[in-house]
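Asker: Sequence first, then the predicted structure, then my questions.
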Amino acid sequence: MSPKPTDLDRAALSGDSARVARFIAKELLGQVKKKSEDLQADDEPEALHDFRVAVRRLRSWLRAFDAEIGDTLAGKHRRRLGRLADATRVSRDLEVHIDWIEKFARARRKKNQPGTAWLVKRLEAKKARADLELRQAVDDHLESAVSGIDKALGKYTVTIGEARTSFAHVTATLLRSHALAARDALGHVTNIGDRLEAHEARIAAKRLRYLLEPLRSSINRVEDLVKRLSELQDDFGSLHDAQVFGGEIARLLAKVLTSRAEAAAEPDADAGDTAANADQAEMLLAISRRLHRDEESAFARAQASWLGDQSASLWTDIESVASELDAIAAEAQRVERVYLLREVPDQTPPSTVVNVDLGFVAGEGVSECVSRVSSEDGAHYRRMLEATRGFDSSSFSEETNERVFAALWPLTKGHRLRARRRVVESDGHRWTIDELSGHDLVLARVSLSDSRELAAIPDWLEPVVERDVTDDNDYDAWTLAGARRNGSRPNT
């Protein structure tokens, strides 16, 4: 089974791009180490394929996120990783070719058996040499590359006061550029003879898929996109394999035919050698014809599925994922200012009034908040989980239902808040004014697009503002409810 990259939860998408990109790179590096152990143990039938995929995933990720990772990653470690990738190519190609020939021979039953056995033996000898070269490359480069990259990923420079870019924003930009590259590459494939163009289209699709894979758990449609890109890669991969192997067989056939002609010209030519050459030539010609049919079939599939307008929906769906990442990035930039009020303002612009019930369940490492917002139109329920480990925290928030709320609410006893909330739209900003029951406390909140945005306190609110308490933990919802706070302030 191919190595599976780490999936990110939705909260991680809002995290700092350098930190998240390095986290994923470390996970991919771990897969390289694990698959190298399987390769050297030689007890997994797909060990070579899995190791090759793991190395390619890591190289593609490091290349895509060079701006976030490249400042600490030395070129020599990239080159060592490249040598490992190159060393796997010949051995893996021969592995695929041997498997293809053996299946081909079984389909022909007893026909050209000597010629088939000769070709398999020839390929196996080449693979044995390639395997030795691969193991030498692993011995020479793996440990140094892994340790060097691991060390490089564990540190990076942060400039105090410099705005940090979210992983969602960076990935949205990369998705668009990778999709454009793949789309342009496909556009250059117009006929079966465009071999280099078809190969470049396959590589571009692979890099786009590797970029999408960690998003599968956080954005619903990504799983389907990864599957479709894998199918695109397989279709063009079959075309590439048939073309490459077909070229090798054609060259070998020409060599055998030349040898056959030279042997026939010898007056004392061995009849056995002549017969063997004839069998080899016949077998190679049959393989060449079959590979040509495979090439035509693969191109027909690619043409029917991906060329011209056939891939239009793929690019539309990728753009929708990029747009969703844009929305997550914009939300990540939003900050909230909180003000302590002396009282509820006498007059406000038109407002919506709701009742809010919050309950907190605090635990070791994981905390939960459940809420109910009630109005004349009914009630809406929400839950948020926070997990904290060391200096890192992640959160997950979702809509829920009355049944879940009713089950969790008893667990919040002693850690609850109730507020009468006014929601006011004023000068392009949404203000919420919470009158907290049992606390003789009124708080106003406003959400801003980022920390540099300024929201003037409106005239209708200014007379009752006591002070800004945004960074005062005494006015945090967890504190006011008497619950131990693990992470960030929940959306109340």
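Answerer: On my side now, so go ahead.
Asker: which stretches of the stretch 151-300 of the chain aren't confidently modelled?
Answerer: For the stretch 151-300 of the chain, the stretches flagged by pLDDT under 70 are 157-163, 263-276.
Asker: Run through the helices of it in chain order.
Answerer: 167-187, 195-212, 222-265, 271-305 (DSSP state H, counting those that start in this stretch).
Asker: Leu94: which of those is closest?
Answerer: Closest of these to Leu94 is helix 222-265, at 10.0 Å (criterion: C-beta to C-beta). To be clear about C-beta, it is placed using only N, CA and C from the backbone, and glycine gets the same treatment.
Asker: Walking through the stretch 351-492 of the chain, point out its strands one by one.
Answerer: 351-362, 366-375, 378-389, 392-400, 416-426, 429-436, 441-448, 465-468 (DSSP state E, counting those that start in this stretch).
Asker: distance between the last one and the chain's centre?
Answerer: In this case it means strand 465-468. 45 Å (C-alpha atoms, centre = their mean, to the nearest Å).
Asker: For that strand, output the C-alpha coordinates as PDB.
Answerer: The C-alpha coordinates for strand 465-468 follow below in PDB (Å, rounded to 0.1, in the frame of the first residue of the first chain):
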ATOM      1  CA  VAL A 465     -17.600  52.300  27.100                       C
ATOM      2  CA  GLU A 466     -15.500  51.800  30.300                       C
ATOM      3  CA  ARG A 467     -12.300  50.400  28.700                       C
ATOM      4  CA  ASP A 468     -10.800  47.900  26.200                       C
END
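Asker: Can you list the strands that that strand pairs with?
Answerer: Strand 465-468 has the following sheet partners, assigned by DSSP bridges: strand 335-341 (antiparallel).
Asker: now the angle between strand 441-448 and the partner strand, please.
Answerer: Relative orientation of strand 335-341 versus strand 441-448 (axes from the mean of the first three to the mean of the last three C-alpha atoms, to 10 degrees): 150 degrees.
Asker: So which residues make contact with strand 335-341?
Answerer: By C-beta atoms under 8 Å, 6 or more residues apart in numbering, the residues outside strand 335-341 that reach it are 433, 441-448, 450-451, 453, 455, 457, 461, 464-470, 475, 489.
Asker: to the chain's geometric centre, what's the distance from that strand?
Answerer: With C-alpha atoms, centre = their mean, you get 37 Å for strand 335-341.
Asker: Could you list the alpha-carbon positions for it in PDB?
Answerer: Presented in PDB, the C-alpha positions along strand 335-341 are these (Å, rounded to 0.1, in the frame of the first residue of the first chain):
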ATOM      1  CA  VAL A 335      -9.500  39.500  15.300                       C
ATOM      2  CA  GLU A 336     -12.000  40.500  18.000                       C
ATOM      3  CA  ARG A 337     -11.900  43.500  20.200                       C
ATOM      4  CA  VAL A 338     -13.800  43.400  23.500                       C
ATOM      5  CA  TYR A 339     -14.900  46.400  25.500                       C
ATOM      6  CA  LEU A 340     -16.300  46.600  29.100                       C
ATOM      7  CA  LEU A 341     -19.500  48.800  29.200                       C
END
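Asker: quick one: buried residues of it?
Answerer: Within strand 335-341, the residues that count as buried by 16 or more other C-beta atoms under 10 Å are Arg337, Val338, Tyr339, Leu340, Leu341.
Asker: What of stretch 73-84?
Answerer: Here stretch 73-84 shows Leu73, His77, Arg78, Arg80, Leu81, Arg83, Leu84 as buried, counting by 16+ other C-beta under 10 Å.
Asker: and what of stretch 321-335?
Answerer: Val321, Ala322, Glu324, Leu325, Ile328, Ala329, Ala332, Gln333.
Asker: what does stretch 58-69 give?
Answerer: For stretch 58-69, burial by neighbour count (16+ other C-beta under 10 Å) applies to Leu58, Arg59, Ser60, Trp61, Leu62, Ala64, Phe65, Glu68, Ile69.
Asker: Where does the second one fall, secondary structure wise?
Answerer: It refers to Arg59. helix 47-64 (DSSP states H and E).
Asker: if we look at the helix or strand just after that helix, which residues are touching it?
Answerer: Where DSSP H and E defines the elements, the next helix or strand beyond helix 47-64 is helix 66-69. For helix 66-69, contacts defined as C-beta under 8 Å, 6+ apart pick out Ser17, Ala18, Ala21, Arg22, Ala25, Leu62, Ala152, Leu153, Tyr156, Val170.
Asker: Most neighbours among those, please name it.
Answerer: Neighbour counts for the contacts of helix 66-69 (other C-beta atoms under 10 Å) peak at Ala21, which has 26 neighbours.
Asker: pretty sure it belongs to a helix, no?
Answerer: Yes - residue state for Ala21 (DSSP: H, G, I helix; E, B strand; the rest coil) corresponds to a helix.
Asker: So it sits against His169, correct?
Answerer: No - with contact defined as C-beta atoms under 8 Å, Ala21 and His169 do not form a contacting pair (11.9 Å).
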